[in-house]
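Engineer: I need the structure of the sequence given here:
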Amino acid sequence: MNYHWNWGIFFEPNPMGTGTYLDMLLSGLVLTIKTALLAWVIALIFGSIVGVMRTLPSRGAYWFGFCWVEFFRNMPLLVQLFLWFFVLPELLPKAAGLWLKQLPNAPFWTAAIGVGLFMSARVAVQLQAGISSLPRGQKMAATALGLTTVQGYRYVLLPMAFRIILPPLTSEFLNTIKNTAVAITIGLIELTGQARSMQEFSFQVFEAFTAATILYLLVNAVVVTAMRFLERYVAIPGYITGK
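Structural biologist: Sure thing, here's the model as predicted:
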């Protein structure tokens, strides 16, 4: 293969005048982390609500949770981002659609919300499984103590369920970080986007995407390590991570 390797390219000025090529990649990494964190907060909030609804005796609540999960889980993320970014403004009233189109940092907000809602379906299923795995006696004990349904979930069921599903939630958080790369299709220049820009400017495609790969691996390694410490800290004897 006749390819000219140039690992010093990262310290050369980039054509955008924002520093070196390494600075480009690091700025993309920062945007990736911001998008992933906001998306994960959205996924946890909506996923927790929907996950609880899927375990309630109410048929209405169950079917709402069922439809939510099936809609967001069964449609490709790329299609969902296109719907939120390109189609939704055209379906809304003219004033609201124009406001969305002119929203500052629209690709960032669309990506964070779109990825967050997509991942919320997966969080909901994980939480439903965690709650369903608990002994029935815990819910009965909460009722016997005079706790309402909300109090029973808040003080008894959810604290235990979240401890049980911490390992799969770690995987879902890693998926959230990686899914932000899809947002390049709606104009979000995160880490993958900056690597592509570097490749187009310098024609050093292998160096650009090798660096992006290493940065993704480093971020994910930090997340995995932090989650392992969290699992040990909140572990309860007899429940998966407990000793």
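Engineer: residue 121 reaches residue 73, doesn't it?
Structural biologist: Yes - between residue 121 and residue 73 there is a contact at 4.1 Å, judged by CB atoms under 8 Å. Every C-beta, even on glycine, is put in place using the N, C-alpha and C of the backbone.
Engineer: between the two, which one's more packed in?
Structural biologist: Taking other CB atoms under 10 Å, residue 121 and residue 73 do not tie; residue 121 has more neighbours (23 against 14).
Engineer: you'd agree the more buried one is in a helix?
Structural biologist: Yes - counting by DSSP: H, G, I helix; E, B strand; the rest coil, residue 121 falls inside a helix.
Engineer: quick one: residues contacting it.
Structural biologist: Residues near residue 121 by CB atoms under 8 Å, 6 or more residues apart in numbering: 47, 50, 68-73.
Engineer: now swap in residue 70 and tell me
Structural biologist: Residue 70 is in contact with residue 121, counting by CB under 8 Å, 6+ apart.
Engineer: and it, what pLDDT?
Structural biologist: Per-residue pLDDT puts residue 70 at 95.
Engineer: you'd agree residue 82 is up against residue 186?
Structural biologist: Yes - in this structure, residue 82 is within contact of residue 186 by CB under 8 Å, at 7.3 Å.
Engineer: let me see the ranges of the helices in this protein.
Structural biologist: Under the criterion DSSP state H, the chain contains helices at 21-53, 59-74, 77-82, 88-91, 94-101, 106-132, 136-144, 149-152, 158-164, 166-179, 191-202, 205-234.
Engineer: and residue 186, how close does it get to residue 219?
Structural biologist: 22 Å (CB to CB, to the nearest Å).
Engineer: so how far is residue 162 from the residue nearest the centre of the chain?
Structural biologist: In the chain, the residue lying closest to the centroid (CA atoms, centre = their mean) is residue 176, at 2.9 Å. From residue 176 across to residue 162, the span is 17 Å (CB to CB).
Engineer: what's the answer for residue 83, then?
Structural biologist: Noted for residue 83: a distance of 31 Å to residue 162, by CB to CB.
Engineer: those two: who's more crowded?
Structural biologist: residue 162 (17 against 14).
Engineer: not counting sequence-adjacent ones, nearest residue to the more buried one?
Structural biologist: The shortest distance from residue 162 to any non-neighbouring residue, by CB to CB, 6 or more residues apart in numbering, is to residue 130 (6.9 Å).
Engineer: what do you get for residue 172?
Structural biologist: Of all residues not flanking residue 172 in the chain, residue 122 sits nearest, at 5.4 Å (CB to CB, 6+ apart).
Engineer: and residue 185, what does it touch?
Structural biologist: By CB under 8 Å, 6+ apart, the contact set of residue 185 is 78, 81-82.
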